[in-house]
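S.K.: can't give you the sequence, but here's the structure:
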């Protein structure tokens, strides 16, 4: 699931929640998924935080779901949504190819995030 797109003005970051869902074998580690996310997202990945783990129904036996919140940021300029979307597409491909995972589609409306 790609959800929670948010924009900030100063040193703009774009946050997307990325769910690795259903086709992820339960033997795949959090470290392996985080490495795939960071490698595929490149220098734009500012943070990658695991916020949910699920196994059991309705997932098939031997499968699990891991959900990550990923912040994309460039310290020198404001990112465009398209840049974050491209990074997410690379993450989808990497997780599918290397880990056999599937990222669930849909979710979340864009909203502005203001600096605190």
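M.R.: Ah, there it is. Keep in mind that what you see is a predicted model, and the values were worked out from it rather than measured.

S.K.: going forward, measure contacts between C-alpha atoms and count neighbours the same way
M.R.: Will do.

S.K.: can you tell me how far the most far-flung residue of the chain relative to its centre is from residue 100?
M.R.: What lies farthest from the middle of the chain is residue 61; by CA atoms, centre = their mean that is 23.7 Å. Distance of residue 61 to residue 100, given as CA to CA, to the nearest Å: 15 Å.

S.K.: and the strands in this structure?
M.R.: Here the chain has its strands, by DSSP state E, at 2-7, 13-25, 45-55, 63-73, 111-112.

S.K.: and stretch 39-49, how far out from the chain middle?
M.R.: How far stretch 39-49 lies from its chain's middle: 9 Å, per CA atoms, centre = their mean, to the nearest Å.

S.K.: for residue 39, the count of nearby residues, please.
M.R.: For residue 39, the count of nearby residues is 14 (other CA atoms under 10 Å).

S.K.: what sits against it?
M.R.: Neighbour list for residue 39: empty [criterion: CA atoms under 8 Å, 6 or more residues apart in numbering].

S.K.: how about a cut-off of 10 Å?
M.R.: 33, 45, 90-91, 94 (CA atoms under 10 Å, 6 or more residues apart in numbering).

S.K.: where is the longest helix in the chain?
M.R.: Of all segments of type helix in the chain, defined using DSSP state H, the longest is helix 81-99.

S.K.: now the two most distant members of the contacts of residue 39.
M.R.: Greatest spatial distance in the contacts of residue 39: 45 and 94, 14.5 Å, computed using CA to CA.

S.K.: report the separation between residue 27 and residue 100.
M.R.: Separation of residue 27 from residue 100 (CA to CA): 11 Å.

S.K.: so which residue is dead centre in this protein?
M.R.: Geometric centre of the chain, nearest residue: residue 18, 3.0 Å, by CA atoms, centre = their mean.

S.K.: pretty sure that one contacts residue 84?
M.R.: No. Using CA atoms under 10 Å, residue 18 is not in contact with residue 84; the gap is 11.7 Å.

S.K.: common neighbours of the two, please.
M.R.: Counting by CA under 10 Å, 6+ apart, the shared contacts of residue 18 and residue 84 are residue 70.

S.K.: residues near residue 28, how many?
M.R.: Applying other CA under 10 Å, we find 14 residues neighbouring residue 28.
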